[in-house]
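Asks: Structure, please.
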Amino acid sequence: MSRTPTLIILAGGASSRMWPLREKSLLCFGPEPLLLSQLRTYESLGFSDVVIVGSPNNEADIHSLIDTLKDRIRIRFAVQAEPKGMGDALLRAAEVLPPDTGAVYINQVHDIVDERLHSDMLNMYRSNPDTTYLAGKEMEDYFPGGYLIIDQTGMISGIMEKPGPDKRPSKYVSMVVHIHSSAQHLFDAIRAEYAKDIPSDDHYERAMDALMKMQPYRMVGYSGQWSALKYPWHVLDVMETFLQRIKGQNIAPSAFIAPTATISGDVFIGENAKIFPGAAVVGPAYIGAGTIVGNNALVRHSMVLDKCNVGFTTEVARSYVGAGSQMHACRVLDSVFANNVNFSAGCTTANLRIDRGNVKSTIKGTRMDSGRDKLGAIIGANAFLGVDVMTMPGVKIGERAQVGPGTHLLEDIKDGVRVYVKQQIEIVEP
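Replies: I've put the predicted structure just below:
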């Protein structure tokens, strides 16, 4: 039987589209960062040799994470100094791999799929290790990605990028879940594309197209759940995936649940959390260690990480709340908070347009359809919102921003700025 391929996890690249959130691989969807939870999944599937391709921005953090697994998995780290695409990232991985490396399994850390897909990929590879395998996500509706060109037996002859709804060669979208039978053939093909000096960053895709003409490529079909972090609102999609993994009520022994509190549905409540009288936690929901859900507060279909305060009468619905965030008598709806956000009394995230259309948000100067008919605010780490602040649907607030009381935010706020409404107080003597 062929040994398990070397795993290459792509965890670098630019995260500018995720602003005001930072490193995708370090976001927590439960008690630990996404990269670490993904590594644990790969370990359970039998991977023992891993290369992580990161960036200068996350190198130190990733090194501290992988130290916890170094006794069980051999992990090498490669740095992609600039976000020059997948081809360049893979060549950085090649620099730390031995020349006799056989097959490689390429994944992106921010793609979350069912374990079954990885098992199917490995089983197919072991049945015929001379073939390269690409995962294809079955899509009934049009998806703006690359579509696999396949024959009736599942053999791949090419990938058509964004063909449009009426020109799809198949219903299978290419995912970055690839097993290449020969690492050296792949790396050589990528280097050959760079030698052509073509001004684009699709060297990996062009290399695969060239290799398809010389060796067999087969699709492994997949119809399960696929969540990916590309834009900040996608945090809610990934959160949903992790919430669906909670089964039953998992309440830590050290947690305090008041007799008059209500816990219903699939719920995780961490160590030393406190659910006060009259509060309700409605699953699926995740309450982190040391978090307080105050009197008459409601948390439903949400993830509230460690050491947060969900204060008196606060509602958190369908939202992701980062560690250390503070909320009091407010409404957090369909929103994403990074760590240590202060959301003062009376604050509300508006989540629904008057015309009930999809909420748009500005990404790098371009207005984009989020694809969500309900979307509140995306708030960066250490932002402080004063009492009675209201945010309109899809507004993003930068890290360390300060918003004065009574302000209604209609547009994005940059990192580190202070925004407030000037008031003119007139006192009229009787």
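Asks: For the helix or strand hosting residue 174, which outside residues touch it?
Replies: Under the criterion of DSSP states H and E, residue 174 resides in strand 172-180. Contacts to strand 172-180, defined as Cβ atoms under 8 Å, 6 or more residues apart in numbering, come from residues 5, 10, 86, 103-108, 111, 113, 117-118, 121-122, 124-125, 132-139, 143, 145-148, 150, 159, 186, 219-222, 226. All C-beta atoms are positioned from the backbone trio N, CA, C, and that covers glycine.
Asks: Using PDB, write out every CA atom in that strand.
Replies: Taking Å, rounded to 0.1, in the frame of the first residue of the first chain, the C-alpha atoms of strand 172-180 are listed here in PDB:
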ATOM      1  CA  TYR A 172     -18.200  20.200 -10.700                       C
ATOM      2  CA  VAL A 173     -16.200  23.200  -9.400                       C
ATOM      3  CA  SER A 174     -12.600  22.600  -8.800                       C
ATOM      4  CA  MET A 175     -11.600  22.800  -5.100                       C
ATOM      5  CA  VAL A 176      -8.100  23.200  -3.700                       C
ATOM      6  CA  VAL A 177      -8.000  19.600  -2.500                       C
ATOM      7  CA  HIS A 178      -5.500  18.000  -4.800                       C
ATOM      8  CA  ILE A 179      -3.300  14.900  -4.600                       C
ATOM      9  CA  HIS A 180      -0.400  15.000  -7.100                       C
END
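Asks: and that strand, which residues are buried?
Replies: Buried residues in strand 172-180, counted by 16 or more other Cβ atoms under 10 Å: 172, 173, 174, 175, 177, 178, 179, 180.
Asks: and those residues as TSV, adding distance to residue 77 and pLDDT?
Replies: TSV is the format used below for the buried residues of strand 172-180 (distance: Cβ to Cβ, whole Å; pLDDT from 0 to 100):
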residue	distance to residue 77	pLDDT
172	33	94
173	30	93
174	27	93
175	24	93
177	21	95
178	21	96
179	22	97
180	20	96
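Asks: Going through the contacts of strand 172-180, which ones are buried?
Replies: For the contacts of strand 172-180, a neighbour count by 16+ other Cβ under 10 Å gives the buried set as 5, 10, 86, 103-108, 111, 113, 117-118, 121-122, 124-125, 132-137, 139, 146-148, 150, 159, 186, 219-222, 226.
Asks: who does the one helix or strand in the chain whose mean pLDDT sits lowest touch, helix- and strand-wise?
Replies: Counting by mean pLDDT, DSSP states H and E, the chain has its least confident helix or strand at helix 59-66, which shows a mean of 87. Under the contact definition 3 or more Cβ pairs under 8 Å, 6 or more residues apart in numbering; DSSP states H and E, helix 59-66 sits against helix 34-44, strand 49-54, strand 74-79.
Asks: And residue 109, how close does it get to residue 175?
Replies: Residue 109 is 14 Å from residue 175, where distance means Cβ to Cβ, to the nearest Å.
Asks: With residue 264 instead?
Replies: In this view, residue 264 and residue 175 are 35 Å apart by Cβ to Cβ.
Asks: what's the answer for residue 399, then?
Replies: Taking Cβ to Cβ, one finds residue 399 at 31 Å from residue 175.
Asks: neighbours around the nearest residue to residue 286 once chain neighbours are set aside, how many?
Replies: Spatial nearest neighbour of residue 286, chain neighbours left out: residue 303 (4.3 Å); criterion: Cβ to Cβ, 6 or more residues apart in numbering. The tally of other residues near residue 303 (other Cβ atoms under 10 Å) stands at 29.
Asks: Could I get the contacting residues of residue 303?
Replies: Contacts for residue 303 (Cβ under 8 Å, 6+ apart) come out as 29, 30, 239, 242, 243, 285, 286, 319, 320, 321.
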